[in-house]
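Undergrad: Pasting a predicted model and its sequence here:
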Amino acid sequence: MKLSQNTIKAQLKTKLGLDPAASKIVVVGLGVTGVSVARYLAALGFDFVIADSREQPPGLTQLQDELGDISVITGAFDSALLNNATHLVVSPGISLEEKAIAEAINNSAQIIGDIDLFACSVDTPIVAITGSNGKSTVTTMLGEMAQAAGKKVGVGGNLGVPALDLLDLSAELYVLELSSFQLERTRFLNATAATVLNVTADHLDRHTDIADYAEQKQRVFNGDGVMVINADDPIVVAMQEEGRQTVTFS
């Protein structure tokens, strides 16, 4: 279930250093994820600025209708704005190698993704699914299996509904599809069960090489939950951790 606002704020402060009184937050990138982040932060009483390199970013009109007078800066990223931030909540579609973002990171800005915000907001079991191929199919199938078993389930993440927009469902189980771009900015997800279905060369325009890509995928296993391992994929097999409960498939 979704935690109380006070508990969420305490978790955000402890884990991410987010403090409504002191943090300077910039939400970088709109679209469905950015809108969900802005809606989430506003509901908790955080002040923030939105920056998007597009002149007319998707979701802007919707957000203005919902939240009214919000601060949105469009066009080329303002280095001064980002360098002054304590926290950047960066949408997964935006590379952390963007010049202004990289400068802000070097200036000690903390990078946050929507999945860490989500992880700080629930105490409900989460199943996290990633991989180069098949993750949408497996996510959808598992969600339907949970529904057939009588569970109230929230299904989304990189597929369909953004994770933060699932919070008000009061679900008994969350099934999240996660991309490598989401995972590279995720530190505190501790899924009850997680899987990397497979790893093949993909998104190498954003990742240094396949080893870097696999490393980001492996972050889905952070924590102490059950690891579901593809025994036929040597890259995935190498991700196994001693002492963790592991289930394999072939």
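TA: Arrived safely, thanks for sending. Numbers count the residues shown, from 1 in each chain.
Undergrad: Tyr40 versus Lys7, what's the distance?
TA: Careful, residue 7 is Thr; it's not Lys. 15 Å (C-beta to C-beta, to the nearest Å). Backbone N, C-alpha and C define where each C-beta goes, glycine included.
Undergrad: Gly75 too?
TA: 25 Å.
Undergrad: out of those two, which sits in the busier spot?
TA: In this view Gly75 and Tyr40 are compared by other C-beta atoms under 10 Å, and Tyr40 has more residues nearby, 22 against 10.
Undergrad: what secondary structure does the more buried one sit in?
TA: helix (DSSP: H, G, I helix; E, B strand; the rest coil).
Undergrad: Tell me who's in contact with the closest residue to Leu159 other than its chain neighbours.
TA: In this structure, Leu159 finds its nearest non-sequential neighbour in Glu177, 4.0 Å apart by C-beta to C-beta, 6 or more residues apart in numbering. By C-beta atoms under 8 Å, 6 or more residues apart in numbering, Glu177 lies in contact with Ile129, Thr130, Lys135, Ser136, Thr139, Gly156, Gly157, Asn158, Leu159.
Undergrad: Could you give the average pLDDT over the helix or strand harbouring Ile111?
TA: Ile111 belongs to strand 110-112 when elements are defined using DSSP states H and E. Here strand 110-112 scores 97 as its mean pLDDT.
Undergrad: Show the subsequent helix or strand relative to that strand.
TA: In N-to-C order, the element after strand 110-112 by DSSP H and E is helix 114-119.
Undergrad: Distance check, the closest residue to Ala102 other than its chain neighbours against Phe181.
TA: Of all residues not flanking Ala102 in the chain, Leu96 sits nearest, at 6.8 Å (C-beta to C-beta, 6+ apart). As defined by C-beta to C-beta, Leu96 lies at a distance of 9 Å from Phe181.
Undergrad: Going by how many neighbours each has, rank the two and give me the top one.
TA: Higher neighbour count among Leu96 and Phe181: Phe181, with 21 against 16, using other C-beta under 10 Å.
Undergrad: Apart from its chain neighbours, what residue comes closest to the more buried one?
TA: Pro92 (3.7 Å).
Undergrad: does that neighbour really touch Ala163, like I thought?
TA: No - the pair formed by Pro92 and Ala163 falls short of the contact definition of C-beta atoms under 8 Å, at 10.9 Å.
Undergrad: Those two - which one has more neighbours?
TA: Shown here are Pro92 and Ala163; by other C-beta under 10 Å, Ala163 has more neighbours (30 against 24).
Undergrad: quick revisit: and for Pro92 and Ala163, which residues touch both?
TA: Asp114.
Undergrad: For the protein, which segments count as strands?
TA: 25-28, 48-52, 71-74, 87-90, 110-112, 126-130, 153-157, 173-177, 193-196, 226-230, 246-249 (DSSP state E).
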